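Undergrad: With the sequence up front, the predicted model follows.
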Amino acid sequence: MSELNTTEELLEKTSVRSLILRLGIPAMFGQFFNMLYSIVDRIFVGQIPETGGIALAGIGVCAPALTAVTAFAYMVGIGGASFMSISLGQKNHQRAKEILGNSLLLLLFISLIVTGILLLVRRPILYVLGCSDAMYPYAESYFTIYLRDSGLTMRCGSEPVPSCPGICQKRNDFCHNRGGCKCDPGSYYDL
């Protein structure tokens, strides 16, 4: 296959099967490494002498609530990226910019609300999820650290957005070839 010059050409002229392999497999690897982080985290905690077992159980209790935080992030990120891609496909660049801005603001708003609520009610949530008195200090510590980092955790919801074709901006126009755009990563969100 000849080299396609722009992302737009790639999406218009390449078969769906080929696009799924070319774009979907890297996304699956991204999810794999995200899950690998949790596994490695548990391996290290499990190695703590004397308290490793109970600390590991405390981390396990946190998993459902922390997965919900990530789900909120992906809900906004993937939904916004889909709507933005549709707008770009329709050559409606102004609408795509609006969707990008609204998605990022919604992500920030949800991050603040979800983090605030979960920090306020962390004790009852952890006990509902099966935490015992012995594992509570470990679960509460892990849960609090993770939630305080939820601004960065919620950032993962915005990851699908820059991967949309043409999002990188230079000279206030959408670039149709991210490779040729030569903009720094910080300019992805330069509205």
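TA: Cool, got the structure.
Undergrad: contacting residues for Leu66?
TA: Leu66 makes contact with Phe143, Tyr146, Leu147 under the criterion C-beta atoms under 8 Å, 6 or more residues apart in numbering. The way it works is simple: take the backbone N, C-alpha and C, and place the C-beta from them, glycine included.
Undergrad: Which of those sits closest to Phe32?
TA: Using C-beta to C-beta, Tyr146 is the member of the contacts of Leu66 that lies nearest Phe32, at 19.9 Å.
Undergrad: Can you say which helix or strand has that closest one in it?
TA: helix 136-148 (DSSP states H and E).
Undergrad: so which of the contacts of Leu66 comes closest to Leu100?
TA: Minimum distance to Leu100 across these is 26.1 Å, recorded for Leu147 (C-beta to C-beta).
Undergrad: in the chain, what spans have low per-residue confidence?
TA: Along the chain, segments meeting pLDDT under 70 span 1-8, 150-191.
Undergrad: For it, just list every one of the strands.
TA: Along the chain, counting by DSSP state E, strands occupy 169-170, 173-174.
Undergrad: Mind naming the longest helix for the chain?
TA: When the chain is parsed with DSSP state H, its longest helix is helix 52-89.
Undergrad: residue with max distance from the center of this protein?
TA: In the chain, Glu50 marks the outermost C-alpha relative to the chain mean, sitting 34.8 Å out by C-alpha atoms, centre = their mean.
Undergrad: Look up how far Tyr136 lies from that one.
TA: 17 Å (C-beta to C-beta, to the nearest Å).
Undergrad: Same check on Thr70?
TA: Per C-beta to C-beta, Thr70 is found 23 Å from Tyr136.
Undergrad: Surely Cys139 is in contact with Gly130?
TA: Slight slip there: residue 139 is Ala, not Cys. No - using C-beta atoms under 8 Å, Ala139 is not in contact with Gly130; the gap is 9.5 Å.
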